[in-house]
Structure formats: C-alpha cells, structure tokens
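Enquirer: Coordinates for the following, if possible.
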Amino acid sequence: MKLPELKIPNKTTMQGEQATNREVQDFINKHGLSSQEAADRLGVTLQSVRYWVKGERYPSVSMTKFIRLLNKYPQLIRDI
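Expert: As a prediction, the model looks like this:
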C-alpha cells in the first residue's frame, strides 16, 4: 500500500511543539485502545500515557510527531 507523501515540518517549526493531553486522549479513543495498549503501541510506559492524558507531563517532540502521524493515517496502527 502506497501512502500519500507526508510533509514533515522542519525542526525549527516543531521545536517545543508538544502534543496536548487532548491529542493523546483523541489518539487513544480514535484507535479504540486502552491506556496500556496505547503505551505498548507507542513503546512507552503506562505511567507516561497516564501523565500525558492528565496533562501532568507531555510527550517529546518526536513522540508528538509519531502520535500525529498515527492520528492522520490510522491504517498505520495495524503495522506496529
């Protein structure tokens, strides 16, 4: 399956731009995942996902890019 070309912003436009707790919650809901399943798919701990959802901490910029990519192209979640 060929995916559409993805425009990735350059480093300077993404610096400091981290996912909000709403984006993380939308990711979990959109894919029908539990917090544990989201943690497993993203390769992080359950505690990290819980902190992100509560807004107590935020994902790194690279994790933010990954979450946004999976939200934009939900078919990719099956491959990870």
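
Enquirer: So which elements touch the helix or strand where residue 22 lies?
Expert: Applying DSSP states H and E as the criterion places residue 22 in helix 21-30. For helix 21-30, the elements it packs on are helix 35-42, helix 46-54, helix 61-72, judged by 3 or more C-beta pairs under 8 Å, 6 or more residues apart in numbering; DSSP states H and E. (Glycine included, C-beta is placed from N, CA and C.)

Enquirer: The longest one vs helix 21-30, what angle?
Expert: In this case it means helix 61-72. With axes from the mean of the first three to the mean of the last three C-alpha atoms, to 10 degrees applied, the angle from helix 61-72 to helix 21-30 works out at 40 degrees.

Enquirer: List the buried residues for helix 61-72?
Expert: 63, 64, 65, 66, 67, 70, 71 (16 or more other C-beta atoms under 10 Å).

Enquirer: Contact partners for the fourth one?
Expert: Under the criterion of C-beta atoms under 8 Å, 6 or more residues apart in numbering, the contact list for residue 66 reads residue 42.

Enquirer: Roughly how far does the most centrally placed residue in the chain sit from residue 61?
Expert: Compute the mean C-alpha point of the chain, and by C-alpha atoms, centre = their mean the closest residue is residue 67, 1.8 Å away. Note on residue 67: its distance to residue 61, by C-beta to C-beta, to the nearest Å, is 11 Å.

Enquirer: One more: residue 31?
Expert: 21 Å.

Enquirer: Right, I'll call it a day here.
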